[in-house]
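Q: A structural model of the following input is requested.
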Amino acid sequence: MKIQRATTWSLGLIVAGALFSSQAYAAKIPDCGKREPSKTLPTPQNSEYDAYRNAKTSAVAGGPGNTVFNNNEKRLPAAGKDEIYYEYYLGIGGDGGAGSHRAVLLVQTPAGKRKLLERYYTQDHYASFCSLKN
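A: This next block holds a predicted model:
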């Protein structure tokens, strides 16, 4: 009887761990609400949308501006093997600084061709994210 309880308890802990893993948490990241980033991102004269398009191109090409996003707060799913998050500024703040709007892109980086896997947007400097589809 004691072995059965211990086994049940262990299985319960394993299931709980799976539910609270980064992948399970990632399911809680909401969709940004629209399929077109141009309709989702704040677009004063489309400047942020243009910056987002440039970020996607740079992420896949491995070009300049690829600043690694370390996901220290664990608000996004953990990057897997041969995957890296890159962050991109999407505008200029009212004080002339970088502002709080960012795109965070998950890129698969095996030897050879790079591939854009996931796209996230934050307008509050990483306090919250939503998922972009395009």
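Q: Show me the domain layout of this protein.
A: Split into domains by automatic domain parsing, the chain comes to 1-30, 31-132.
Q: and the end-to-end length of the longest one?
A: Using C-alpha to C-alpha, to the nearest Å, one end of domain 31-132 lies 6 Å from the other.
Q: What mean pLDDT does it get?
A: Mean pLDDT, domain 31-132: 83.
Q: can you give me the strands for this structure?
A: Assigned by DSSP state E, the chain shows strands spanning 67-68, 83-89, 102-108, 115-122, 130-132.
Q: Of all the ones you listed, which one comes closest to Asn54?
A: strand 83-89 (7.8 Å; C-beta to C-beta). Using the backbone N, CA and C atoms, a C-beta is placed for each residue, glycine as well.
Q: who touches that closest one?
A: 51-52, 54-55, 58-59, 65-71, 76, 79, 98-99, 101-109, 117 (C-beta atoms under 8 Å, 6 or more residues apart in numbering).
Q: now the angle from it to strand 102-108?
A: Interaxial angle of strand 83-89 relative to strand 102-108 (axes from the mean of the first three to the mean of the last three C-alpha atoms, to 10 degrees): 160 degrees.
Q: ok, strand 83-89: who's next to it in the sheet?
A: According to DSSP bridges, strand 83-89 forms sheet pairs with strand 67-68 (antiparallel), strand 102-108 (antiparallel).
Q: what's the most buried one of these?
A: strand 102-108 (a mean of 22; mean count of other C-beta atoms under 10 Å).
Q: which residues are in contact with it?
A: Against strand 102-108 from outside (C-beta under 8 Å, 6+ apart): 51-52, 55-56, 59-60, 69, 76-77, 79, 82-90, 114-122, 125-126, 129, 132.
Q: and the residue lying closest to Arg119 once chain neighbours are set aside, how far is that from Gly62?
A: By the measure of C-beta to C-beta, 6 or more residues apart in numbering, the closest residue to Arg119 outside its immediate chain neighbours is Leu132, 4.0 Å from it. Counting by C-beta to C-beta, to the nearest Å, the separation of Leu132 from Gly62 is 20 Å.
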